[in-house]
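A.B. asks: What follows is a predicted protein model with its sequence.
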Protein chains: 2
Amino acid sequence: MYPDSLEALIESLMVLPGVGRKTAERYAFHLIEGEKDATEKIIASIETVNQSLTQCKICYNYADKEICKICSNQNRNHNIICVVSSPKDVFSIEKAGQFNGVYHVLKGLISTRKGVMPEDLTINELLKRIDENTEEVILALSATVEGETTALYVSKKLESMNAPVSRLAFGLPIGGQLEYTDDMTLMKAFEGRKRMK
Amino acid sequence: MYPDSLEALIESLMVLPGVGRKTAERYAFHLIEGEKDATEKIIASIETVNQSLTQCKICYNYADKEICKICSNQNRNHNIICVVSSPKDVFSIEKAGQFNGVYHVLKGLISTRKGVMPEDLTINELLKRIDENTEEVILALSATVEGETTALYVSKKLESMNAPVSRLAFGLPIGGQLEYTDDMTLMKAFEGRKRMK
Ligand SMILES: [Zn+2]
Ligand SMILES: [Zn+2]
(Lines give C-alpha, C1' and ligand atoms only; values in the text may rest on other atoms or scores of the structure.)
(Ligands and ions follow the chains in the order given, each with its own letter.)
Protein backbone atom coordinates (compact mmCIF):
# COMPACT_ATOMS: atom_id res chain seq x y z
CA MET A 1 0.00 0.00 0.00
CA TYR A 2 2.86 2.38 0.81
CA PRO A 3 5.61 2.94 -1.74
CA ASP A 4 8.32 0.33 -1.08
CA SER A 5 10.85 2.85 0.23
CA LEU A 6 8.35 4.28 2.72
CA GLU A 7 7.28 0.80 3.82
CA ALA A 8 10.93 -0.12 4.41
CA LEU A 9 11.42 3.00 6.52
CA ILE A 10 8.33 2.23 8.61
CA GLU A 11 9.48 -1.33 9.22
CA SER A 12 12.99 -0.24 10.15
CA LEU A 13 11.60 2.17 12.77
CA MET A 14 9.57 -0.61 14.40
CA VAL A 15 12.76 -1.98 15.98
CA LEU A 16 12.79 0.99 18.39
CA PRO A 17 11.59 0.01 21.88
CA GLY A 18 7.83 0.35 22.31
CA VAL A 19 7.29 1.48 18.73
CA GLY A 20 4.43 -0.28 16.97
CA ARG A 21 3.28 0.16 13.41
CA LYS A 22 1.10 3.26 14.07
CA THR A 23 3.90 5.12 15.82
CA ALA A 24 6.43 4.07 13.18
CA GLU A 25 4.10 5.46 10.51
CA ARG A 26 3.87 8.77 12.34
CA TYR A 27 7.66 8.96 12.68
CA ALA A 28 8.16 8.03 9.03
CA PHE A 29 5.78 10.72 7.83
CA HIS A 30 7.48 13.22 10.06
CA LEU A 31 10.88 12.22 8.69
CA ILE A 32 9.77 12.75 5.11
CA GLU A 33 7.48 15.75 5.64
CA GLY A 34 9.23 17.53 8.48
CA GLU A 35 12.21 19.84 8.20
CA LYS A 36 14.94 18.30 6.05
CA ASP A 37 17.52 19.66 8.49
CA ALA A 38 16.09 17.71 11.40
CA THR A 39 16.10 14.44 9.47
CA GLU A 40 19.68 14.97 8.32
CA LYS A 41 20.67 15.75 11.90
CA ILE A 42 19.31 12.41 13.08
CA ILE A 43 21.27 10.52 10.43
CA ALA A 44 24.42 12.53 11.11
CA SER A 45 24.18 12.03 14.85
CA ILE A 46 23.62 8.27 14.58
CA GLU A 47 26.68 8.09 12.35
CA THR A 48 28.74 10.26 14.69
CA VAL A 49 27.77 8.10 17.65
CA ASN A 50 28.65 4.95 15.73
CA GLN A 51 32.04 6.38 14.86
CA SER A 52 33.06 8.29 17.94
CA LEU A 53 31.29 6.71 20.90
CA THR A 54 33.68 4.40 22.66
CA GLN A 55 34.16 3.09 26.16
CA CYS A 56 36.23 4.76 28.85
CA LYS A 57 39.53 2.94 29.37
CA ILE A 58 39.15 3.31 33.14
CA CYS A 59 35.49 2.76 34.00
CA TYR A 60 33.95 1.30 30.79
CA ASN A 61 31.27 3.97 30.71
CA TYR A 62 30.46 5.51 27.30
CA ALA A 63 32.93 8.19 26.29
CA ASP A 64 33.81 10.34 23.29
CA LYS A 65 37.50 10.20 24.23
CA GLU A 66 39.79 7.59 25.82
CA ILE A 67 38.77 8.71 29.29
CA CYS A 68 35.17 9.68 30.08
CA LYS A 69 34.04 13.03 31.45
CA ILE A 70 33.61 11.63 34.96
CA CYS A 71 36.97 9.87 35.20
CA SER A 72 38.74 12.98 33.93
CA ASN A 73 36.97 15.29 36.41
CA GLN A 74 39.40 16.14 39.21
CA ASN A 75 36.61 17.55 41.40
CA ARG A 76 35.27 14.06 41.96
CA ASN A 77 36.48 11.63 44.58
CA HIS A 78 38.39 8.97 42.68
CA ASN A 79 38.71 6.79 45.77
CA ILE A 80 35.00 6.03 45.95
CA ILE A 81 33.94 3.71 43.14
CA CYS A 82 30.32 2.99 42.36
CA VAL A 83 29.90 -0.33 40.55
CA VAL A 84 27.00 -0.58 38.08
CA SER A 85 26.02 -3.06 35.40
CA SER A 86 25.54 -0.67 32.45
CA PRO A 87 26.16 2.91 31.25
CA LYS A 88 22.43 3.59 31.60
CA ASP A 89 22.82 3.13 35.34
CA VAL A 90 25.62 5.72 35.45
CA PHE A 91 23.31 8.24 33.84
CA SER A 92 20.45 7.39 36.23
CA ILE A 93 22.69 7.96 39.26
CA GLU A 94 24.18 11.13 37.79
CA LYS A 95 20.67 12.46 37.30
CA ALA A 96 19.88 11.87 40.95
CA GLY A 97 22.84 14.21 41.55
CA GLN A 98 23.94 12.93 44.97
CA PHE A 99 27.05 10.91 44.13
CA ASN A 100 30.44 12.56 43.70
CA GLY A 101 32.73 9.55 43.30
CA VAL A 102 33.56 7.66 40.13
CA TYR A 103 32.07 4.58 38.48
CA HIS A 104 32.90 1.12 37.23
CA VAL A 105 30.64 -0.40 34.58
CA LEU A 106 30.58 -4.21 34.75
CA LYS A 107 28.95 -4.48 31.32
CA GLY A 108 26.37 -6.99 32.48
CA LEU A 109 25.45 -9.19 35.42
CA ILE A 110 26.40 -12.77 36.20
CA SER A 111 23.58 -14.97 34.92
CA THR A 112 23.47 -18.74 34.75
CA ARG A 113 20.27 -18.44 32.75
CA LYS A 114 21.85 -16.27 30.05
CA GLY A 115 25.26 -17.97 30.36
CA VAL A 116 27.03 -14.79 31.52
CA MET A 117 30.08 -15.77 33.58
CA PRO A 118 32.21 -13.53 35.84
CA GLU A 119 34.96 -13.48 33.23
CA ASP A 120 32.55 -12.00 30.69
CA LEU A 121 32.30 -8.89 32.85
CA THR A 122 34.89 -6.23 33.74
CA ILE A 123 35.38 -7.60 37.27
CA ASN A 124 39.14 -8.13 36.90
CA GLU A 125 39.47 -4.58 35.62
CA LEU A 126 37.62 -3.39 38.72
CA LEU A 127 39.94 -5.31 41.03
CA LYS A 128 42.96 -3.71 39.34
CA ARG A 129 41.61 -0.27 40.28
CA ILE A 130 41.59 -1.10 44.00
CA ASP A 131 44.53 0.03 46.11
CA GLU A 132 45.24 1.23 49.64
CA ASN A 133 43.69 4.64 48.84
CA THR A 134 40.31 3.13 47.99
CA GLU A 135 37.85 4.51 50.52
CA GLU A 136 34.74 2.65 49.43
CA VAL A 137 33.34 0.47 46.69
CA ILE A 138 29.57 0.88 46.40
CA LEU A 139 27.72 -1.91 44.63
CA ALA A 140 24.76 -0.29 42.85
CA LEU A 141 23.22 -3.33 41.21
CA SER A 142 19.59 -4.15 40.57
CA ALA A 143 17.69 -5.99 43.31
CA THR A 144 17.16 -9.00 41.06
CA VAL A 145 18.53 -12.54 41.28
CA GLU A 146 21.27 -11.64 38.82
CA GLY A 147 22.07 -8.42 40.64
CA GLU A 148 22.30 -10.29 43.97
CA THR A 149 24.50 -13.03 42.53
CA THR A 150 26.86 -10.50 41.03
CA ALA A 151 26.98 -8.38 44.22
CA LEU A 152 27.89 -11.43 46.28
CA TYR A 153 30.57 -12.56 43.85
CA VAL A 154 32.15 -9.11 43.52
CA SER A 155 31.97 -8.34 47.25
CA LYS A 156 33.82 -11.56 48.12
CA LYS A 157 36.58 -10.70 45.65
CA LEU A 158 36.83 -7.17 47.05
CA GLU A 159 36.83 -8.28 50.66
CA SER A 160 39.70 -10.64 49.96
CA MET A 161 41.59 -7.47 48.96
CA ASN A 162 40.44 -5.70 52.13
CA ALA A 163 38.51 -3.13 50.16
CA PRO A 164 35.57 -1.56 52.05
CA VAL A 165 32.45 -2.67 50.20
CA SER A 166 28.94 -1.33 50.64
CA ARG A 167 25.82 -1.79 48.66
CA LEU A 168 22.74 0.31 48.02
CA ALA A 169 20.10 0.11 50.74
CA PHE A 170 16.99 -1.79 49.81
CA GLY A 171 15.27 1.37 48.83
CA LEU A 172 15.17 -0.26 45.44
CA PRO A 173 11.87 -2.02 44.99
CA ILE A 174 12.57 -5.78 45.05
CA GLY A 175 12.77 -7.12 41.51
CA GLY A 176 13.00 -3.60 40.17
CA GLN A 177 15.45 -2.49 37.50
CA LEU A 178 17.85 0.23 38.56
CA GLU A 179 17.44 2.14 35.34
CA TYR A 180 13.70 2.65 35.94
CA THR A 181 14.13 3.83 39.51
CA ASP A 182 13.11 7.44 40.22
CA ASP A 183 15.64 9.99 41.51
CA MET A 184 14.17 10.15 45.03
CA THR A 185 14.30 6.40 45.55
CA LEU A 186 17.83 6.32 44.21
CA MET A 187 18.87 9.11 46.60
CA LYS A 188 17.35 7.26 49.55
CA ALA A 189 19.05 4.09 48.49
CA PHE A 190 22.36 5.95 48.39
CA GLU A 191 21.87 7.55 51.78
CA GLY A 192 20.90 4.25 53.40
CA ARG A 193 23.73 2.22 51.89
CA LYS A 194 25.41 -0.09 54.37
CA ARG A 195 28.64 -2.03 54.61
CA MET A 196 28.44 -5.58 53.37
CA LYS A 197 29.00 -8.19 56.09
CA MET B 1 26.46 14.46 31.55
CA TYR B 2 26.25 12.25 28.45
CA PRO B 3 29.17 12.12 26.03
CA ASP B 4 28.63 14.91 23.48
CA SER B 5 27.91 12.54 20.62
CA LEU B 6 25.24 10.71 22.63
CA GLU B 7 23.70 13.97 23.80
CA ALA B 8 23.53 15.17 20.18
CA LEU B 9 21.77 11.94 19.18
CA ILE B 10 19.23 12.29 21.99
CA GLU B 11 18.46 15.88 21.05
CA SER B 12 18.11 15.03 17.37
CA LEU B 13 15.56 12.31 18.19
CA MET B 14 13.44 14.75 20.19
CA VAL B 15 12.17 16.28 16.93
CA LEU B 16 10.06 13.16 16.33
CA PRO B 17 6.38 13.75 17.11
CA GLY B 18 5.46 13.05 20.72
CA VAL B 19 9.04 12.15 21.68
CA GLY B 20 10.25 13.78 24.88
CA ARG B 21 13.66 13.51 26.48
CA LYS B 22 12.98 10.18 28.28
CA THR B 23 11.78 8.47 25.14
CA ALA B 24 14.63 9.94 23.09
CA GLU B 25 17.09 8.56 25.65
CA ARG B 26 15.54 5.10 25.37
CA TYR B 27 15.71 5.22 21.57
CA ALA B 28 19.31 6.47 21.65
CA PHE B 29 20.42 3.68 23.97
CA HIS B 30 18.65 1.18 21.77
CA LEU B 31 20.36 2.56 18.68
CA ILE B 32 23.81 2.22 20.25
CA GLU B 33 23.24 -1.00 22.19
CA GLY B 34 20.81 -2.84 19.92
CA GLU B 35 21.67 -4.84 16.85
CA LYS B 36 24.04 -2.90 14.57
CA ASP B 37 22.08 -4.20 11.60
CA ALA B 38 18.85 -2.61 12.77
CA THR B 39 20.46 0.78 13.25
CA GLU B 40 22.12 0.65 9.85
CA LYS B 41 18.78 -0.32 8.32
CA ILE B 42 17.14 2.79 9.76
CA ILE B 43 19.85 5.04 8.33
CA ALA B 44 19.76 3.28 4.97
CA SER B 45 15.99 3.46 4.74
CA ILE B 46 15.86 7.17 5.60
CA GLU B 47 18.43 7.79 2.91
CA THR B 48 16.59 5.64 0.38
CA VAL B 49 13.35 7.46 1.11
CA ASN B 50 15.08 10.82 0.74
CA GLN B 51 16.51 9.77 -2.61
CA SER B 52 13.77 7.73 -4.19
CA LEU B 53 10.47 8.90 -2.73
CA THR B 54 8.81 11.26 -5.15
CA GLN B 55 5.28 12.32 -6.00
CA CYS B 56 3.07 10.63 -8.54
CA LYS B 57 2.84 12.70 -11.74
CA ILE B 58 -0.89 11.96 -11.93
CA CYS B 59 -2.29 12.10 -8.39
CA TYR B 60 0.53 13.68 -6.31
CA ASN B 61 0.53 10.80 -3.84
CA TYR B 62 3.91 9.50 -2.70
CA ALA B 63 5.50 7.14 -5.21
CA ASP B 64 8.78 5.34 -5.82
CA LYS B 65 8.34 5.72 -9.58
CA GLU B 66 6.84 8.40 -11.86
CA ILE B 67 3.38 6.91 -11.44
CA CYS B 68 2.21 5.56 -8.05
CA LYS B 69 1.02 2.00 -7.41
CA ILE B 70 -2.62 3.05 -7.35
CA CYS B 71 -2.58 5.08 -10.58
CA SER B 72 -0.79 2.27 -12.38
CA ASN B 73 -3.24 -0.39 -11.17
CA GLN B 74 -5.61 -1.28 -14.02
CA ASN B 75 -7.99 -3.09 -11.69
CA ARG B 76 -9.06 0.20 -10.16
CA ASN B 77 -11.73 2.49 -11.55
CA HIS B 78 -9.85 5.47 -12.96
CA ASN B 79 -13.07 7.38 -13.56
CA ILE B 80 -13.82 7.79 -9.86
CA ILE B 81 -11.42 10.25 -8.24
CA CYS B 82 -11.22 10.69 -4.50
CA VAL B 83 -9.80 14.10 -3.56
CA VAL B 84 -7.78 14.30 -0.33
CA SER B 85 -5.51 16.88 1.19
CA SER B 86 -2.43 14.75 1.91
CA PRO B 87 -0.82 11.36 1.19
CA LYS B 88 -1.59 10.33 4.78
CA ASP B 89 -5.28 10.49 3.90
CA VAL B 90 -4.75 8.18 0.93
CA PHE B 91 -3.21 5.60 3.25
CA SER B 92 -6.04 5.97 5.78
CA ILE B 93 -8.68 5.36 3.09
CA GLU B 94 -6.70 2.47 1.58
CA LYS B 95 -6.55 0.89 5.03
CA ALA B 96 -10.33 1.08 5.32
CA GLY B 97 -10.30 -1.02 2.15
CA GLN B 98 -13.65 0.06 0.66
CA PHE B 99 -12.62 2.39 -2.13
CA ASN B 100 -11.58 1.11 -5.56
CA GLY B 101 -11.17 4.33 -7.52
CA VAL B 102 -8.11 6.56 -7.74
CA TYR B 103 -6.98 9.62 -5.78
CA HIS B 104 -5.98 13.21 -6.16
CA VAL B 105 -3.83 14.76 -3.45
CA LEU B 106 -4.38 18.51 -3.11
CA LYS B 107 -1.24 18.93 -1.01
CA GLY B 108 -2.96 21.07 1.58
CA LEU B 109 -6.21 22.93 2.22
CA ILE B 110 -7.20 26.51 1.46
CA SER B 111 -6.51 28.55 4.58
CA THR B 112 -6.73 32.30 5.01
CA ARG B 113 -5.13 31.90 8.42
CA LYS B 114 -2.05 30.11 7.07
CA GLY B 115 -2.08 32.06 3.81
CA VAL B 116 -2.69 28.97 1.66
CA MET B 117 -4.40 30.04 -1.58
CA PRO B 118 -6.13 27.79 -4.16
CA GLU B 119 -3.16 28.24 -6.53
CA ASP B 120 -0.84 26.75 -3.89
CA LEU B 121 -2.72 23.46 -4.20
CA THR B 122 -3.00 20.97 -7.07
CA ILE B 123 -6.54 22.09 -7.94
CA ASN B 124 -5.72 22.98 -11.56
CA GLU B 125 -4.05 19.60 -11.96
CA LEU B 126 -7.26 17.99 -10.68
CA LEU B 127 -9.42 19.90 -13.16
CA LYS B 128 -7.18 18.72 -16.02
CA ARG B 129 -7.94 15.12 -15.07
CA ILE B 130 -11.68 15.60 -15.52
CA ASP B 131 -13.27 14.56 -18.81
CA GLU B 132 -16.53 13.13 -20.14
CA ASN B 133 -15.61 9.69 -18.76
CA THR B 134 -15.38 10.97 -15.17
CA GLU B 135 -18.09 9.15 -13.21
CA GLU B 136 -17.62 10.82 -9.85
CA VAL B 137 -15.32 13.10 -7.91
CA ILE B 138 -15.51 12.38 -4.18
CA LEU B 139 -14.26 15.13 -1.88
CA ALA B 140 -12.76 13.39 1.18
CA LEU B 141 -11.66 16.41 3.16
CA SER B 142 -11.57 16.95 6.89
CA ALA B 143 -14.71 18.38 8.54
CA THR B 144 -12.85 21.52 9.60
CA VAL B 145 -13.23 25.13 8.50
CA GLU B 146 -10.36 24.71 6.07
CA GLY B 147 -11.74 21.41 4.76
CA GLU B 148 -15.16 23.01 4.22
CA THR B 149 -13.71 26.05 2.47
CA THR B 150 -11.67 23.87 0.16
CA ALA B 151 -14.58 21.52 -0.55
CA LEU B 152 -16.80 24.46 -1.51
CA TYR B 153 -14.15 26.01 -3.74
CA VAL B 154 -13.28 22.76 -5.50
CA SER B 155 -16.90 21.66 -5.93
CA LYS B 156 -17.81 24.95 -7.63
CA LYS B 157 -14.95 24.54 -10.08
CA LEU B 158 -15.95 20.96 -10.79
CA GLU B 159 -19.61 21.75 -11.22
CA SER B 160 -18.77 24.40 -13.78
CA MET B 161 -17.22 21.53 -15.75
CA ASN B 162 -20.34 19.40 -15.22
CA ALA B 163 -18.37 16.84 -13.20
CA PRO B 164 -20.50 14.84 -10.74
CA VAL B 165 -19.21 15.83 -7.29
CA SER B 166 -19.98 14.16 -4.00
CA ARG B 167 -18.46 14.49 -0.59
CA LEU B 168 -18.08 12.17 2.36
CA ALA B 169 -21.10 11.95 4.62
CA PHE B 170 -20.76 13.65 7.95
CA GLY B 171 -19.77 10.43 9.55
CA LEU B 172 -16.56 12.25 10.27
CA PRO B 173 -16.74 13.76 13.74
CA ILE B 174 -17.06 17.54 13.35
CA GLY B 175 -13.67 19.20 13.76
CA GLY B 176 -11.97 15.82 13.42
CA GLN B 177 -8.91 15.20 11.30
CA LEU B 178 -9.38 12.63 8.58
CA GLU B 179 -6.08 10.94 9.29
CA TYR B 180 -7.12 10.06 12.85
CA THR B 181 -10.48 8.63 11.83
CA ASP B 182 -10.96 4.91 12.43
CA ASP B 183 -11.67 2.51 9.55
CA MET B 184 -15.32 1.93 10.47
CA THR B 185 -16.17 5.61 10.59
CA LEU B 186 -14.36 6.12 7.30
CA MET B 187 -16.31 3.26 5.74
CA LYS B 188 -19.61 4.70 6.94
CA ALA B 189 -18.62 8.09 5.67
CA PHE B 190 -17.89 6.56 2.27
CA GLU B 191 -21.18 4.66 2.13
CA GLY B 192 -23.21 7.72 3.11
CA ARG B 193 -21.52 10.11 0.71
CA LYS B 194 -23.96 12.38 -1.12
CA ARG B 195 -23.97 14.62 -4.16
CA MET B 196 -23.06 18.19 -3.46
CA LYS B 197 -25.87 20.75 -4.10
ZN1 LIG C 1 35.45 6.66 32.95
ZN1 LIG D 1 -0.87 8.31 -8.48
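C.D. replies: That came in fine, so what should we check first? Ligands and ions are numbered 1, 2, ... in the order given.

A.B. asks: State the mean pLDDT of stretch A:84-102.
C.D. replies: Averaging pLDDT along stretch A:84-102 yields 88.

A.B. asks: Report whether that stretch contacts chain B.
C.D. replies: Yes: Stretch A:84-102 reaches chain B (Cβ under 8 Å from any Cβ of the partner chain) through A:Pro87, A:Lys88, A:Phe91, A:Glu94, A:Lys95. Heads up, the C-betas are built off the backbone N, CA and C, glycines and all.

A.B. asks: just curious, which of the residues you listed is nearest to ligand 2?
C.D. replies: Using Cβ to the ion, A:Lys88 comes nearest to ligand 2 of the residues of stretch A:84-102 next to chain B, at 45.8 Å.

A.B. asks: quick revisit: any chance of the residues of stretch A:84-102 next to chain B in CSV, plus secondary structure, distance to ligand 1 and neighbour count?
C.D. replies: As requested, the residues of stretch A:84-102 next to chain B are exported to CSV (DSSP: H, G, I helix; E, B strand; the rest coil; distance: Cβ to the ion, whole Å; neighbours: other Cβ atoms under 10 Å in any protein chain shown):
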residue, secondary structure, distance to ligand 1, neighbour count
A:Pro87, helix, 10, 27
A:Lys88, helix, 15, 19
A:Phe91, helix, 13, 19
A:Glu94, helix, 12, 16
A:Lys95, helix, 17, 12
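
A.B. asks: For chain A, which segments count as helices?
C.D. replies: Listed in chain order, the helices of chain A (DSSP state H) span A:4-13, A:21-33, A:36-52, A:87-96, A:123-129, A:145-159, A:183-191.

A.B. asks: Residue of chain A closest to ligand 2, please.
C.D. replies: A:Pro3 (10.3 Å).

A.B. asks: burial count for that residue?
C.D. replies: A:Pro3 is flanked by 21 other residues according to other Cβ atoms under 10 Å in any protein chain shown.

A.B. asks: and it, what does it touch?
C.D. replies: Each residue near A:Pro3 by Cβ atoms under 8 Å, 6 or more residues apart in numbering or on different chains is listed here: B:Leu53, B:Tyr62, B:Ala63, B:Asp64, B:Cys68, B:Lys69.

A.B. asks: Repeat that for A:Ile93.
C.D. replies: A:Cys82, A:Val84, A:Phe99, A:Tyr103, A:Ala140, A:Leu186, A:Phe190.

A.B. asks: just curious, which of these is nearest to ligand 1?
C.D. replies: Nearest member of the contacts of A:Ile93 to ligand 1, counting by Cβ to the ion, is A:Tyr103, at 6.6 Å.

A.B. asks: What are the structural domain limits within chain A?
C.D. replies: A:4-52, A:73-195 (automatic domain parsing).

A.B. asks: weakest of the ones you listed by average pLDDT?
C.D. replies: Across those, domain A:73-195 gives the lowest mean pLDDT, at a mean of 87.

A.B. asks: among the domains of chain A, which is nearest B:Leu168?
C.D. replies: Checking those against B:Leu168 by Cβ to Cβ gives domain A:4-52 as the closest, at 21.6 Å.

A.B. asks: and that closest one, how far out from the chain's middle?
C.D. replies: 25 Å (Cα atoms, centre = their mean, to the nearest Å).

A.B. asks: which one among the residues of stretch A:84-102 next to chain B gets closest to B:Ser166?
C.D. replies: Nearest member of the residues of stretch A:84-102 next to chain B to B:Ser166, counting by Cβ to Cβ, is A:Lys88, at 55.5 Å.

A.B. asks: distance of that closest one from A:Gln177?
C.D. replies: Counting by Cβ to Cβ, to the nearest Å, the gap from A:Lys88 to A:Gln177 is 9 Å.

A.B. asks: do the same with A:Val84
C.D. replies: Taking Cβ to Cβ, one finds A:Val84 at 12 Å from A:Gln177.

A.B. asks: Comparing the two, which residue is more hemmed in?
C.D. replies: Neighbour count, other Cβ under 10 Å: between A:Val84 and A:Gln177, A:Val84 has more, with 26 against 16.

A.B. asks: what's the burial count for the residue nearest to the more buried one when sequence neighbours are not counted?
C.D. replies: Sequence neighbours aside, A:Ala140 is the residue nearest to A:Val84 in space, at 5.1 Å (criterion: Cβ to Cβ, 6 or more residues apart in numbering or on different chains). Applying other Cβ under 10 Å, we find 26 other residues in the vicinity of A:Ala140.

A.B. asks: Test my guess that A:Ala140 contacts A:Ile81.
C.D. replies: No: A:Ala140 lies out of contact with A:Ile81 (Cβ atoms under 8 Å); the separation is 10.2 Å.

A.B. asks: Please identify the buried residues of stretch A:62-75?
C.D. replies: A:Tyr62, A:Ala63, A:Asp64, A:Cys68, A:Lys69, A:Ile70, A:Cys71 (16 or more other Cβ atoms under 10 Å in any protein chain shown).

A.B. asks: ok, and of those residues, which contact ligand 1?
C.D. replies: Contacts with ligand 1 within these, as defined by Cβ under 5 Å from the ion: A:Cys68, A:Cys71.

A.B. asks: Can I get the buried residues of stretch A:62-75 in JSON lines including pLDDT and distance to B:Arg76?
C.D. replies: Shown next, in JSON lines, are the buried residues of stretch A:62-75 (pLDDT from 0 to 100; distance: Cβ to Cβ, whole Å):
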{"residue": "A:Tyr62", "pLDDT": "93", "distance to B:Arg76": "52"}
{"residue": "A:Ala63", "pLDDT": "92", "distance to B:Arg76": "56"}
{"residue": "A:Asp64", "pLDDT": "90", "distance to B:Arg76": "54"}
{"residue": "A:Cys68", "pLDDT": "94", "distance to B:Arg76": "59"}
{"residue": "A:Lys69", "pLDDT": "93", "distance to B:Arg76": "59"}
{"residue": "A:Ile70", "pLDDT": "95", "distance to B:Arg76": "61"}
{"residue": "A:Cys71", "pLDDT": "96", "distance to B:Arg76": "64"}
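
A.B. asks: from the buried residues of stretch A:62-75, which ones fall inside strands?
C.D. replies: A:Tyr62, A:Ala63 (DSSP state E).

A.B. asks: Within range of ligand 1, give me the residues from chain A.
C.D. replies: Checking chain A against ligand 1 by Cβ under 5 Å from the ion, the hits are A:Cys56, A:Ile58, A:Cys59, A:Asn61, A:Cys68, A:Cys71.
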